[in-house]
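with the sequence up front, the predicted model follows.
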There are 2 protein chains.
Amino acid sequence: MSNPCIICVAITGSVPTKTDNPAVPVTVAEQVESVQESFEAGATIAHCHVRDDEGKPTSDPERFARLKEGIETHCPGMIVQLSTGGRSGAGQARGGMLPLKPDMASLSVGSNNFPTRVYENPPDLVAWLSEEMLKHDVKPEIEAFDLSHIVQATRMADAGKIASPLYVQFVMGVKNAMPVDERIFDFYIETLHRLAPNALWCGAGIGAAQAQVNEWCISRGGHTRT
Amino acid sequence: MSNPCIICVAITGSVPTKTDNPAVPVTVAEQVESVQESFEAGATIAHCHVRDDEGKPTSDPERFARLKEGIETHCPGMIVQLSTGGRSGAGQARGGMLPLKPDMASLSVGSNNFPTRVYENPPDLVAWLSEEMLKHDVKPEIEAFDLSHIVQATRMADAGKIASPLYVQFVMGVKNAMPVDERIFDFYIETLHRLAPNALWCGAGIGAAQAQVNEWCISRGGHTRT
Ligand SMILES: [Zn+2]
Ligand SMILES: [Zn+2]
Ligand SMILES: [Zn+2]
Ligand SMILES: [Zn+2]
């Protein structure tokens, strides 16, 4: 590989709870500890969600601030990426943590189906989130759940609405969105490269598909997420 | 081409009004007349939307019944395809015309962005619409606004939730969904063929892109929509 390999660790998603898996870190203190273990094992990006006192996903900027501070203290040099995903809030509340100026934040630029509902990222919210990221100098990680999301990100970058070079994550294996498919994975890379030659990318396979997608990432020179 | 060329005419979309274009047929009588002209010119499928008395899109089964009857009377043998699209209604109202047993109906199996909003096709509504189509023996035309919609349709066909062979329309040129892109058009064909070898397809370019997409359809042996 010509690029250094960026290992991105998503310590806590928005879905699993302590009931599903007692090892899932939920409090900020647990999360910082977990990120630190990954950091010592070589991870370079921490993709972060936060939970409220009941363990439910939230976009609360105050919790994000504590998590960011804890990671910066215990993992110097690690890239902090905060989630603006729609499972943790609605509307502009999803971007309430951007003034914290994390190194990165996730950004969805299109909509798609999830297992039981529509993952809604309406055009005006996408425009607002990307403006906020430009304003606070936050680098987006584009969460691509479908091919048009990749194309849309390149168009937004061409129009100066997202800073270049793009950093895109190909997400596969979410039910009712794009499944894990190697030929499509390769076409994602080809399309991104064709439309934004300087873009970087990583892949994320959900659940059982994680190891498979990581293998494809590594063999094609992309970054990985665990 | 090995298949006969199916020319699909969409006489009235859900967006244009008489103010935009006085030639847009809006009343059922106007629509029937317009379909008949296309039929005599060689069109074989009529893709139909209906309007209410104010000219606004509606899913009213009574209007659809009159339009279907008019086309059947004046265009014997023409395939009637009724729209279950989300611009004309919400929730199960979108499928209220399926008991009329038209030859075909449009079916979206995923969600995506439109110019100013989310085109919402939640999983439970998709499941219900496809069940209704099976029950009333209505052949769906899958409206694919993105790559995962094609994949999802093939999975639903494999699971017996949509009758085979699939008939898929690739829609390009809607702002914030998939733009008009020849390489992606070819990948759509390749992917459909790989996952559902017997499927048929057609292409629809929106607005200025219509002629371009029709040209690609014809040169690759697909069907066209005007
Ligand atoms: Zn990543
Ligand atoms: Zn996330
Ligand atoms: Zn058609
Ligand atoms: Zn239509």
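Arrived safely, thanks for sending. Residues are numbered from 1 along each chain as shown, chains lettered A, B, ... in the order given. Ligands and ions are numbered 1, 2, ... in the order given.

strands along chain A, start to end?
Applying DSSP state E to chain A gives strands spanning A:7-10, A:45-48, A:50-51, A:57-58, A:79-82, A:104-107, A:112-113, A:118-119, A:139-144, A:167-172, A:200-205, A:223-225.

quick check: which of these is buried the most?
Burial of those is given as mean neighbour count (mean count of other Cβ atoms under 10 Å in any protein chain shown); strand A:112-113 ranks first at a mean of 28. Heads up, the C-betas are built off the backbone N, CA and C, glycines and all.

show me what that strand is in contact with.
Strand A:112-113 is contacted by residues A:118-119, A:145-146, A:149, A:176-178, B:110-112, B:121-123, B:126, B:146, B:148, B:152 when judged by Cβ atoms under 8 Å, 6 or more residues apart in numbering or on different chains.

what does stretch A:169-180 give?
Against stretch A:169-180 from outside (Cβ under 8 Å, 6+ apart): A:8, A:106, A:112-115, A:119, A:141-147, A:150, A:181, A:184-185, A:188, A:201-210, A:212-213, A:225, B:110, B:123, B:147-148, B:151-152, B:155.

I'd like the mean pLDDT over that stretch, please.
On average, the pLDDT along stretch A:169-180 is 96.

what does stretch A:51-67 give?
The model assigns stretch A:51-67 a mean pLDDT of 91.

re the thing from before, what about the contacts of strand A:112-113, which are in helices?
A:149, B:123, B:126, B:148, B:152 (DSSP state H).

contact partners for the first one?
With Cβ under 8 Å, 6+ apart as the criterion, the residues that contact A:H149 are A:108-110, A:112, A:142-143.

what's the most distant pair in the ones in helices among the contacts of strand A:112-113?
The largest separation in these, counting by Cβ to Cβ, is between A:H149 and B:V126 at 19.5 Å.

can you lay out the ones in helices among the contacts of strand A:112-113 as TSV showing distance to A:A46?
Listed next are the ones in helices among the contacts of strand A:112-113 as TSV, based on distance: Cβ to Cβ, whole Å:
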residue	distance to A:A46
A:H149	23
B:P123	31
B:V126	36
B:S148	28
B:Q152	32
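
separation between A:G203 and B:L107?
Distance of A:G203 to B:L107, given as Cβ to Cβ, to the nearest Å: 30 Å.

right, I mislabeled it, should have said A:F39
48 Å.

next, the contact list for the spatially most central residue of chain A, please.
For chain A, the residue nearest the mean C-alpha position is A:S106 (4.3 Å; Cα atoms, centre = their mean). Residues near A:S106 by Cβ under 8 Å, 6+ apart: A:47, A:81-85, A:140-141, A:143, A:169.

what pLDDT is listed against it?
96.
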